[in-house]
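Engineer: got a structure for you, letters missing:
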């Protein structure tokens, strides 16, 4: 069963009242969102359910927008079912006005099941799944975790058509066991080196369990193209059982592993959230929530177009048809602007791009109490102290003097906590995100921001409970105040 409402019977009780009490209801909604989004496909689907319930209308990308959009309207579209764009048209919008964009990404580092899931050899009766590392994960954190499987499955229907459906096996059918300390040398214990190909293969079954199925060769038959003969039959059976379909109906899949442990509050006063995929589902949730709240309260007086986009493939470089390097944003701005203006009027598009702005939201590095020397002393963000502007003179982040000032001024005018700042130490490498890529491909000004967190790219990460509220308050202020702040800057 999909949808946030489905979790209502399984979520743990509310923690005791504390200084964080006012932030807990919103944080719980975010945790539900993350628990329902173990992969980009589910993230998009969970977002669509929220959008649809709020009256957003889906746009088909193979049909023109002209005549379908109107002031006050709310819309969304998807690409590959792993990237999402949602926007609303301000009640006072005029062609050529700007877009107030919040960008995030729906993917996180994980282990993806290989196209041929069956491992070619069985060791000591164990049956394992072939997996591939996606992104730059802290792979040692994936050992000894209860791992489920989720993603997209292609199904051949009775009429011969191929349908796409999502699957989420929310129980630990897979596990990557550690090697006992007694079997490691002192050097191996100190290094904890991982061979990604040999050491990360998860166990799905043991020979004795497989014998109970009556399957002796691990194959479900060659089919027409030999695909099934290269799949682990127990994995296919688990997928078919979860989806309540005949296993022979499965013709392909895109699946990844995920930690079945749910998000939880942590700390003596529930001041932390411990969860998988905070990078970057926290930003996806905040952008979605802020758009829904803005549309409900301020859309009729809006002269622009508030828009959110959740890209895929940020963790592997964004260079894909659904990544930040794709034309998703430029095409959206062009098609929406053209729907309200004269056909072929390039000036309207140029005006819209000039007046637009991208708030690129991706998690930031909070100062670590055990590794504080890794932070530049004057730029050491703290959890529960508000969002962080990320700056890098080598353009690993898109922030410049103007874009950073705009966000700080919006926060000041809205009476929000001062925005924190992050700059990497000069003797450390600097990560990057979607902001520079979007600016380079569209020409739209951008700022890179995020909520501070610990354990980035671990299978379980930590962020401040109050920072979800801080982030949404800032995003709502951005939608409401950006045009006024931007207009106050000369030239």
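Structural biologist: Good, I have the coordinates. Everything numeric in this text was worked out from a predicted model, so none of it was measured.

Engineer: residue boundaries of the helices in this structure?
Structural biologist: Along the chain, the segments classed as helices by DSSP state H run 24-35, 40-53, 186-191, 196-199, 207-211, 233-243, 278-297, 328-340, 346-355, 401-413, 434-442, 465-487.

Engineer: closest to residue 454 out of those?
Structural biologist: When the helices of the chain are compared by Cβ to Cβ, helix 278-297 sits nearest residue 454, at 9.5 Å. The way it works is simple: take the backbone N, C-alpha and C, and place the C-beta from them, glycine included.

Engineer: average model confidence for the closest one?
Structural biologist: On average, the pLDDT along helix 278-297 is 98.

Engineer: Now do it and helix 24-35, the angle between them.
Structural biologist: 120 degrees (axes from the mean of the first three to the mean of the last three Cα atoms, to 10 degrees).

Engineer: how about helix 278-297: buried residues?
Structural biologist: For helix 278-297, the neighbour count (16 or more other Cβ atoms under 10 Å) marks 278-295 as buried.

Engineer: now the angle from it to helix 465-487?
Structural biologist: Using the same axes, to 10 degrees, helix 278-297 lies at 60 degrees relative to helix 465-487.

Engineer: If I take helix 278-297 and helix 40-53, what angle do their directions form?
Structural biologist: 10 degrees.

Engineer: report the longest strand in the chain, please.
Structural biologist: strand 162-174 (DSSP state E).

Engineer: what lines up beside that strand in the sheet?
Structural biologist: With DSSP bridges as the test, strand 162-174 is paired with strand 147-156 (antiparallel).

Engineer: and the closest residue to residue 126 other than its chain neighbours, what pLDDT?
Structural biologist: Spatial nearest neighbour of residue 126, excluding adjacent residues (Cβ to Cβ, 6 or more residues apart in numbering): residue 203 at 5.4 Å. Listed pLDDT for residue 203 reads 96.

Engineer: Wait, residue 203 touches residue 125, no?
Structural biologist: No. In this structure, residue 203 is not within contact of residue 125 by Cβ atoms under 8 Å, at 10.5 Å.

Engineer: Between those two, which is the more surrounded one?
Structural biologist: residue 203 (16 against 12; other Cβ atoms under 10 Å).

Engineer: What are the neighbouring residues in contact with that one?
Structural biologist: 126, 127, 128, 174, 175, 176, 177 (Cβ atoms under 8 Å, 6 or more residues apart in numbering).

Engineer: swap in residue 417?
Structural biologist: By Cβ under 8 Å, 6+ apart, residue 417 lies in contact with 385, 386, 411, 470.

Engineer: Ramachandran angles for it?
Structural biologist: phi -60, psi 140 (degrees, to the nearest 10).

Engineer: Check which residues of stretch 303-313 are buried.
Structural biologist: For stretch 303-313, using 16+ other Cβ under 10 Å, the buried residues are 304, 305, 306, 307, 308, 309, 310, 311, 312, 313.

Engineer: export the residues you listed to JSON lines and tack on pLDDT?
Structural biologist: What follows is the buried residues of stretch 303-313, written out as JSON lines (pLDDT from 0 to 100):
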{"residue": "304", "pLDDT": "97"}
{"residue": "305", "pLDDT": "98"}
{"residue": "306", "pLDDT": "98"}
{"residue": "307", "pLDDT": "98"}
{"residue": "308", "pLDDT": "98"}
{"residue": "309", "pLDDT": "98"}
{"residue": "310", "pLDDT": "98"}
{"residue": "311", "pLDDT": "98"}
{"residue": "312", "pLDDT": "98"}
{"residue": "313", "pLDDT": "98"}
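
Engineer: what would the residues you listed look like in a markdown table with distance to residue 327?
Structural biologist: Listed next are those as a markdown table, based on distance: Cβ to Cβ, whole Å:
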| residue | distance to residue 327 |
| --- | --- |
| 304 | 21 |
| 305 | 18 |
| 306 | 20 |
| 307 | 15 |
| 308 | 17 |
| 309 | 12 |
| 310 | 16 |
| 311 | 12 |
| 312 | 14 |
| 313 | 14 |
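
Engineer: ok, how many other residues are close to the residue nearest to residue 292 when sequence neighbours are not counted?
Structural biologist: Nearest in space to residue 292, with sequence neighbours left out and distances taken as Cβ to Cβ, 6+ apart, is residue 54 at 5.3 Å. Residues near residue 54, counting by other Cβ under 10 Å, number 16.

Engineer: Am I right that residue 150 is in contact with residue 255?
Structural biologist: Yes. Counting by Cβ under 8 Å, residue 255 is a contact partner of residue 150 at 6.8 Å.

Engineer: what do those two both touch?
Structural biologist: Common neighbours of residue 150 and residue 255 (Cβ under 8 Å, 6+ apart) are residue 167.

Engineer: Of the contacts of residue 203, which is the nearest to residue 140?
Structural biologist: Closest to residue 140, out of all of the contacts of residue 203 and judged by Cβ to Cβ, is residue 176, at 10.0 Å.

Engineer: Report the buried residues of stretch 398-408.
Structural biologist: Going by 16+ other Cβ under 10 Å, stretch 398-408 has these buried residues: 398, 399, 403, 404, 406, 407, 408.

Engineer: Kindly state the pLDDT recorded for the closest residue to the fourth one other than its chain neighbours?
Structural biologist: Right, the one you point to is residue 404. Residue nearest to residue 404 in three dimensions, not counting chain neighbours: residue 389, with 5.2 Å by Cβ to Cβ, 6+ apart. Listed pLDDT for residue 389 reads 98.

Engineer: pretty sure residue 286 is in contact with residue 473, am I right?
Structural biologist: No. Using Cβ under 8 Å, residue 286 makes no contact with residue 473, being 9.7 Å away.

Engineer: quick revisit: ChimeraX command for the buried members of the contacts of residue 203?
Structural biologist: With 16+ other Cβ under 10 Å as the criterion, this ChimeraX line picks the buried residues out of these:
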select :127,128,174,176
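
Engineer: Among the contacts of residue 203, which ones are in strands?
Structural biologist: Using DSSP E, the contacts of residue 203 in strands are 126, 127, 128, 174.

Engineer: Just the pLDDT for the first one.
Structural biologist: It stands for residue 126. For residue 126, the predicted pLDDT is 92.

Engineer: again with the one 10 residues further on
Structural biologist: As summarised for this prediction, residue 136 has a pLDDT of 96.

Engineer: Need the phi and psi values for it.
Structural biologist: phi -100, psi 70.

Engineer: Distance check, it against residue 453.
Structural biologist: 15 Å (Cβ to Cβ, to the nearest Å).

Engineer: Would you mind telling me which of those two has more residues around it?
Structural biologist: When neighbours are counted by other Cβ under 10 Å, residue 136 and residue 453 differ, and residue 453 comes out ahead with 25 against 12.
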